[in-house]
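# structure for this input, please:
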Amino acid sequence: MDPKYEGQMAEIRQTMSRGIQEDDVFAAADALLAEGKRPTIERVRLKIGRGSPNTVSPMLERWFASLSERLVGSTAGSASGRSAGNDPDGMPMGVRNAARLLWETARREAEEIQRVEMESARAELQARESALAEAQAVLAQREEAFAQARVSLDAALASSQHAREALEQQLKEDALEAHRVRVALGDENKRLTALLSQAGETQERMRREHAEAMAARDQDLRHAEERHAGQEKRMLAEVDRARQAAKALESELIREQQRRAKGEEVAARRLEAELEKLHQVRESARSMEAELRDRLAVQGMELAQAGAEGTAVKAQNEALLRRVEEERTAHEATRHFLVKALAERRRASSDAPVKRARRPRGAK
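The predicted structure is shown next:
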């Protein structure tokens with residue numbers, strides 16, 4: 001660096017303990033201009049090492065406003081009567097050097113800005129290409145995942161279909177079994193009803209026979225009394241024998257009554273046993289029918305649940321198929337857009353199309 005500017009920087013560092021002055025800003029701006037850099041507020045503040053932007057800004061504007069006057073003034077005194085400080089066009093060398101320095105500074109800054117913008121554009125293009133590649137990879141993974149999910153859902157749907165068919169077959173078998181049990185219970189009920197009717201007929205027949213026997217006994221007693229009354233005078237000798245015969249007949253009738261009463265009691269006990277058996281069979285049939293109804297209700301609920309699950313799985317499969325179709329449509333649209341963009345870029349970079357040569361008028 002030029003010793004002159006080093007001295008200026010030393011002076012600037014010495015004045016850091018006091019407030020920033022306009023001379024400090026002018027010296028820092030001159031130093032930056034000598035280094036080939038365009039003086040800005042931040043560069044001046046960094047050069048000085050202190051100062052707020054609000055303080056530096058008006059001073060830097062005054063430096064720009066007085067730059068040409070100072071350059072012309074510094075060359076006017078030394079160039080009067082002498083041409084050593086002028087170029088061949090008569091322009092002071094200080095002005096030309098300052099203009100050249102400002103031009104070089106502006107050119108370097110423009111090149112730096114253009115380089116940064118090109119690097120940013122290049123980085124953005126690379127990022128877009130990376131994002132596109134990543135999106136294509138993610139789309140491929142999604143397509144594979146959707147294909148696997150579709151296979152899994154198809155398998156689950158087939159499994160639920162098999163389960164529903166098995167459950168329907170089981171329900172049909174249970175319904176047939178319930179029908180067979182109902183038929184068997186009906187036959188048993190008919191048989192027990194016939195037995196009960198037969199027992200009632202037997203009891204009625206025994207009652208009729210007992211009544212007929214009692215009527216016959218009464219009739220025999222009446223006949224005996226009539227014969228006894230008619231033959232009382234003739235049969236005085238046979239009174240005792242008649243009495244004994246009557247007693248024997250009465251004893252026989254009593255025994256017959258006892259036998260018939262025992263028969264009626266046995267028939268009643270048999271009837272009660274048959275009725276108890278019928279009651280037990282009816283209770284068993286009711287409990288079996290209730291159990292079958294519960295089983296049919298549970299199996300109906302399971303069948304409804306399996307149908308609902310199959311419907312839900314089918315709806316989920318259809319939703320996944322729609323999503324796969326939407327992703328495929330979006331992928332095709334993106335691919336078509338990329339192909340169109342590449343084709344447009346190739347057409348833009350290719351040479352101009354060759355015009356078709358005109359044919360002569362006489363040519364066919």
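# tell me what the strand or helix carrying residue 227 is packed against?
Using DSSP states H and E, residue 227 sits in helix 93-230. Contact here means 3 or more CB pairs under 8 Å, 6 or more residues apart in numbering; DSSP states H and E; on that basis helix 93-230 packs against helix 22-34, helix 53-79, helix 239-349. Just so you know, the C-beta spots here come from the backbone N, C-alpha and C atoms, and that holds for glycine as well.
# can you rerun that using 6 Å?
Counting contacts by 3 or more CB pairs under 6 Å, 6 or more residues apart in numbering; DSSP states H and E, helix 93-230 packs against helix 53-79, helix 239-349.
# point out the most buried one among those helices.
Comparing the helices and strands packed on helix 93-230 by mean neighbour count (mean count of other CB atoms under 10 Å), helix 53-79 ranks first with a mean of 14.
# neighbours around residue 229, how many?
Close neighbours of residue 229, defined as other CB atoms under 10 Å, add up to 9.
# circling back to that earlier point, okay if I get the helices and strands packed on helix 93-230 as TSV plus mean pLDDT?
Listed next are the helices and strands packed on helix 93-230 as TSV, based on pLDDT from 0 to 100:
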stretch	mean pLDDT
helix 53-79	74
helix 239-349	81
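# any chance of these in a markdown table, plus distance to residue 131?
Output for these, formatted as a markdown table (distance: least, CB to CB, whole Å):
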| stretch | distance to residue 131 |
| --- | --- |
| helix 53-79 | 39 |
| helix 239-349 | 11 |
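# closest to residue 191 out of those?
Closest to residue 191 of the helices and strands packed on helix 93-230 is helix 239-349 (CB to CB; 9.5 Å).
# ok, the nearest residue to residue 132 once chain neighbours are set aside to residue 133 distance?
Distances taken as CB to CB, 6 or more residues apart in numbering put residue 338 closest to residue 132, at 7.3 Å, once the chain neighbours are dropped. Residue 338 is 11 Å from residue 133, where distance means CB to CB, to the nearest Å.
# for the residue nearest to the spatial centre of the chain, which non-adjacent residue is closest in space?
Closest residue to the average C-alpha location of the chain: residue 316 at 8.2 Å, with CA atoms, centre = their mean. Nearest residue to residue 316, sequence neighbours excluded (CB to CB, 6+ apart): residue 153, at 6.6 Å.
# quick one, domains of the chain?
Residue ranges for the domains of the chain, per automatic domain parsing: 3-74+92-134, 135-337.
# can you give me the end-to-end span of the last one?
Right, domain 135-337. One end of domain 135-337 sits 14 Å from the other (CA to CA, to the nearest Å).
# about what we covered before: can you put the domains of the chain in CSV and add distance to residue 348?
Output for the domains of the chain, formatted as CSV (distance: least, CB to CB, whole Å):
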stretch, distance to residue 348
domain 3-74+92-134, 16
domain 135-337, 16
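# what's the mean pLDDT across stretch 208-227?
Averaged across stretch 208-227, pLDDT comes to 81.
# neighbours around the closest residue to residue 278 other than its chain neighbours, how many?
Of all residues not flanking residue 278 in the chain, residue 192 sits nearest, at 4.3 Å (CB to CB, 6+ apart). Here the number of neighbours of residue 192 (other CB under 10 Å) works out to 17.
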